[in-house]
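Visitor: For reference, the sequence and a predicted model appear below.
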There are 4 protein chains.
Amino acid sequence: MGHEGIKGVKGNLLPLPTPFDGDGGLDEQLLADMAAYYVERGVESLFVFGSYGQGPAMSVEQRKRGLEVIMKRVHGKVPIVVHIGAVDPYTSRDLGLHARAEGADAVGLVGPYYYSDRSEAEILEHVKFLDDALKMPLFFYNNPPYQGYAVTPARLKKMREVAPRLFGAKLAMGSIDDAMGYRDALGPDFGLFVLASCLYPGLRCGVTGTVSPPLTLAPDLGVALVRAVEQGNDLEAGRLQEAVIRFHAVFIRLGKSCGRSAYTQGLRHMGFPLKQYPRWPTPAMPEGAKAEVNRAIDEANTAVKKSQ
Amino acid sequence: MGHEGIKGVKGNLLPLPTPFDGDGGLDEQLLADMAAYYVERGVESLFVFGSYGQGPAMSVEQRKRGLEVIMKRVHGKVPIVVHIGAVDPYTSRDLGLHARAEGADAVGLVGPYYYSDRSEAEILEHVKFLDDALKMPLFFYNNPPYQGYAVTPARLKKMREVAPRLFGAKLAMGSIDDAMGYRDALGPDFGLFVLASCLYPGLRCGVTGTVSPPLTLAPDLGVALVRAVEQGNDLEAGRLQEAVIRFHAVFIRLGKSCGRSAYTQGLRHMGFPLKQYPRWPTPAMPEGAKAEVNRAIDEANTAVKKSQ
Amino acid sequence: MGHEGIKGVKGNLLPLPTPFDGDGGLDEQLLADMAAYYVERGVESLFVFGSYGQGPAMSVEQRKRGLEVIMKRVHGKVPIVVHIGAVDPYTSRDLGLHARAEGADAVGLVGPYYYSDRSEAEILEHVKFLDDALKMPLFFYNNPPYQGYAVTPARLKKMREVAPRLFGAKLAMGSIDDAMGYRDALGPDFGLFVLASCLYPGLRCGVTGTVSPPLTLAPDLGVALVRAVEQGNDLEAGRLQEAVIRFHAVFIRLGKSCGRSAYTQGLRHMGFPLKQYPRWPTPAMPEGAKAEVNRAIDEANTAVKKSQ
Amino acid sequence: MGHEGIKGVKGNLLPLPTPFDGDGGLDEQLLADMAAYYVERGVESLFVFGSYGQGPAMSVEQRKRGLEVIMKRVHGKVPIVVHIGAVDPYTSRDLGLHARAEGADAVGLVGPYYYSDRSEAEILEHVKFLDDALKMPLFFYNNPPYQGYAVTPARLKKMREVAPRLFGAKLAMGSIDDAMGYRDALGPDFGLFVLASCLYPGLRCGVTGTVSPPLTLAPDLGVALVRAVEQGNDLEAGRLQEAVIRFHAVFIRLGKSCGRSAYTQGLRHMGFPLKQYPRWPTPAMPEGAKAEVNRAIDEANTAVKKSQ
């Protein structure tokens, strides 16, 4: 990839969960502890305040204060990509200038959302505005249903033409086939992050890593998989990829019936004293579903241990 | 409808455009002048900071400050519905408590956006949370592509069950047939606002009014149409409805090629010294398209004069 | 419009229902009787074997035989547009040559369906192939969900460029605003047929008529509405349009819960000895819903009588 | 899976291409030769007259005659699944009874198409009707955009409840995550066929095989991949899966710009004297794109040779 500022943004670009205090306030202590925990487990880099990290559901002040807390605790141990996506470009500029001042390694942005009928010209102007204003590495977070429109490989290529600091993208959904379409359009130097369920074949075919919410509940599994691939250990890679797919399946299924509560339960099962996640009221999760979450995490950890 | 707090929210619930200063700051003077202008033209009520009013693209401080400016100038002459929709419920609660303190007549909310995969239970919790916290009349603004999911008649009915202060809804799109589906599900006392292109047949069939961005460029036309229907003047109503449809067609067509710039041009043609609208960079509009906007506005005004 | 072959394709282009015998066979006697009935009620023209007419669910032999039965009975009293849409162009060509030989006035076609990922070039080739092969007036039936892709105004214009015999289109859904977009793109000589719920404002704004399944259950209502508009009787037109909207609403609502059985019930209530409709198994309709159908038909007929 | 009639429907369930004569007629000789060729290359089973096999674009007579030609040539060497999907159930019943009489091992069906607003009850009645009438193994071919609606894991489970002979399904799109959702709902005995780009991880996680149009252009690659997995050769499986993904990427990309012509070119490059495919007019393919197709096929064959 070659951009000075983004060395190390690869492998597990872990999407940090953001904890709240029960009435929407930030739980700063736990946020710092979680950041430190994932760094200690060996993830290569952190993606903070994306969708899983609740950035769009937080106030601007919370996004700034939260970043300060994280930067202080992580202290340069891994690169940090800060999501600054918003409806309008001024909010993103404000967040981006703050992130740069705090020493973040790159900023990420989902396509400007809500006004889903923006023309392509308007979307390109938005990205160019931020590239011009921030003058730091940009990472695109492509989430069609959340932003309200598609960013196809051809459109992402146009974005990079007007925003030359764009060095990579997270594909929030889609198969390995879809990822290959972006690879063909953007070229081998562009960083692509895919779903963890196709990480091993993806890494073989030139993708850069994954931004995986489920793997926040089993970070050792993601770390082990990336290492197996890096070491050319196909036997292990195949086995660990299978474990990731089986783990993924549980959260996709429970996500449909219980929403983000499956993650709340998982983070608690890992030992985090989580008061509130996400930042909106959610119905209680059935006990049976909680047990499934716990079991899936335990099995993922067992799968990792076999590697050692 | 019978809710004490919302008497007069009917007919032209005019979506107030919000002007900016060229770098995303609020143009307070012009905002106040525009509010006063529309009240003077005879619109029945104002809808402020909805999508057309740029609420979701503004900072929380701007939405609060803007409302203060409007309330001061309008001074109770017409009812005001303030849009407080956001990604998370805490931001909406903050905006809603401010609106209530300022004396707004009702608050409006689009479905919580961005996280478009929220379950129905989560959406209902969101609306209930605000109804409980604000204890004032609620108006739903149904915009499926902007919020990211449908709110069918059946779902809107469930919303009213958990949020009993919900007294009406704006349907941002759809035909008169769609509106009738909401009428059947919600009953005759629920206020329904439809597209201006089906306002005359709609009013005949029990809808309450329209929230029409195009009619901000020809407010006299909307006012005249509502009066013709109220006075049982079918000849005039038919003629004015035709003029509205032809006027609409221009903005729908130009909206597809030029985005919101058609409105910027129209507001300037009306004489407003508008520096920036919308609150994001947009490509320049071709001169030919500008001329079309001007001509459409002039023709709409000619159509109204024939009534007098 | 000016095409010799299509004089009279306007107003109520009535979509003829097709009756079956209980095991998918054609009920020829009843089909002929129904065609004769609608002609007698005064509809301006017939659209046969479209979606409502079950063409795509019939065998090629049934579509041919059915047309022969209809042509024989109608005997030139009104123009007949025969739907020949299919997945492939050879089937449509076969049906079209037969329709021409039988003396049909025009052929209609929905966009080639099933393979919804056809490129625009393939769709245009399909239409051009049929225009070249059939050399007779073509009518496009635009049904995006059934054909699997949109045919926007711009695309329909391209179709007419490669298929110059294309004289009009039915818009199976959408508002009057959508219709105006087609009018702007195709010009005033292109025949446009809209939903009956916006027929009166549509006719004022230059549309040609409607192809309305609900009005097959109350043909007098559609005939009366078109006459009121033609005679410049706005008072009557406004009143009858209201009746059409209220009538429509019942079938849209029941269509969602009961599918096409609402039409089966309605046709039986009109006195037709209908054994099977549509041409596939459907669950039984609740008695309460049947009563709603009957009541709506009776009310529509009462509304018409007030005109006389 | 255990159904007597479907033993051997696994691994490469090869979707047989169907050749035409230039004016939509069947090229029977080439069809038979192609069937024989794939059997000789070692594919485990054949899927005939699906979407890639052009079934929905063929006449009923062609689908019957084509099957007779194939059955005669293949002569029981591999199991054959015949796609009988149609708009209406009578056509499918007719095709299914013919397939059974000819000795086909199973019938496949896409959801009844065109009338995409069918209720779930109507879709279930359709499948039940065919299960009752045909009394032979049924295979569901899930293609949401072609059939016009989703068949989720929950809905497919309901289908199996009313049609107990349903033994498996092809998922025409989606990631391995999506496949796992069907696995969870349908259980381990239900045969699932996924995209070839996730075949290796899929087989590890319990899927049954793939129905892959691109692999018709490189059948040895698909056969080698399935064998590598069966033999527990993870090193080879990883390498061959990578080759499949890279091969896939070419056809997905060219499919977007050139439609099905990429397959036409590929089949010709393999040496088949193909006059027409698909069964509708298509624009000519640029020479550069043809060269890409040829190169991709050659590279795929090189990748296979490394295995031997």
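Guide: Now that the structure is in, tell me what you want to look at.
Visitor: which intervals of the stretch 51-200 of chain A have sub-threshold pLDDT?
Guide: Within the stretch 51-200 of chain A, no stretch has pLDDT under 70.
Visitor: Tell me the residues of it that contact chain B?
Guide: Where the stretch 51-200 of chain A comes near chain B, counting by C-beta under 8 Å from any C-beta of the partner chain, the residues are A:51, A:56-60, A:87-91, A:112-119, A:121-122, A:125-126, A:129, A:145-146, A:148. Backbone N, C-alpha and C define where each C-beta goes, glycine included.
Visitor: Among the residues you listed, name the buried ones.
Guide: A:51, A:56-60, A:87-91, A:112-116, A:118-119, A:122, A:125-126, A:129, A:145-146, A:148 (16 or more other C-beta atoms under 10 Å in any protein chain shown).
Visitor: Surely residue A:169 is in a strand?
Guide: Yes. Applying DSSP: H, G, I helix; E, B strand; the rest coil, one finds residue A:169 inside a strand.
Visitor: Return the distance of it relative to residue A:186.
Guide: According to C-beta to C-beta, to the nearest Å, residue A:169 and residue A:186 sit 8 Å apart.
Visitor: so what sits against both of the two?
Guide: Here residue A:169 and residue A:186 have A:156, A:192 as joint contacts, going by C-beta atoms under 8 Å, 6 or more residues apart in numbering or on different chains.
Visitor: can you map out the helices along chain A?
Guide: Counting by DSSP state H, chain A has helices at residues A:28-41, A:60-74, A:89-102, A:120-134, A:144-147, A:153-162, A:176-186, A:199-204, A:219-230, A:234-258, A:261-269, A:287-305.
Visitor: Columns distance to chain D on top of the ones you listed, output as JSON lines?
Guide: Converted to JSON lines, the helices of chain A look like this (distance: least, C-beta to the nearest C-beta, whole Å):
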{"stretch": "helix A:28-41", "distance to chain D": "23"}
{"stretch": "helix A:60-74", "distance to chain D": "29"}
{"stretch": "helix A:89-102", "distance to chain D": "30"}
{"stretch": "helix A:120-134", "distance to chain D": "17"}
{"stretch": "helix A:144-147", "distance to chain D": "14"}
{"stretch": "helix A:153-162", "distance to chain D": "9"}
{"stretch": "helix A:176-186", "distance to chain D": "4"}
{"stretch": "helix A:199-204", "distance to chain D": "5"}
{"stretch": "helix A:219-230", "distance to chain D": "9"}
{"stretch": "helix A:234-258", "distance to chain D": "4"}
{"stretch": "helix A:261-269", "distance to chain D": "14"}
{"stretch": "helix A:287-305", "distance to chain D": "11"}
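Visitor: most neighbours per residue, which of the ones you listed?
Guide: helix A:199-204 (a mean of 26; mean count of other C-beta atoms under 10 Å in any protein chain shown).
Visitor: Thought residue A:142 was touching residue A:156, still the case?
Guide: Yes. Contact status for residue A:156 versus residue A:142: in contact at 7.2 Å, counting by C-beta atoms under 8 Å.
Visitor: which residues touch the residue lying closest to residue A:185 once chain neighbours are set aside?
Guide: Once flanking residues are discounted, residue A:185 sits nearest to residue A:153: 3.4 Å by C-beta to C-beta, 6 or more residues apart in numbering or on different chains. Counting by C-beta under 8 Å, 6+ apart, residue A:153 makes contact with A:181-182, A:184-186.
Visitor: Going by distance to residue A:100, which of those residues wins?
Guide: residue A:186 (24.3 Å; C-beta to C-beta).
Visitor: Contacts only, for the closest residue to residue A:219 other than its chain neighbours.
Guide: Closest residue to residue A:219 apart from its sequence neighbours, by C-beta to C-beta, 6+ apart: residue A:41 at 4.3 Å. The neighbours of residue A:41, taking C-beta under 8 Å, 6+ apart as the test, are A:219-220, A:223.
Visitor: Show me the common contact partners of residue A:156 and residue A:142, please.
Guide: What both residue A:156 and residue A:142 touch, as defined by C-beta under 8 Å, 6+ apart, is the set residue A:169.
Visitor: Report pLDDT for residue A:256.
Guide: We have a pLDDT of 86 for residue A:256.
Visitor: Any idea how far apart the tips of stretch A:187-204 sit?
Guide: One end of stretch A:187-204 to the other measures 15 Å (C-alpha to C-alpha, to the nearest Å).
Visitor: Nice, that's everything, thank you.
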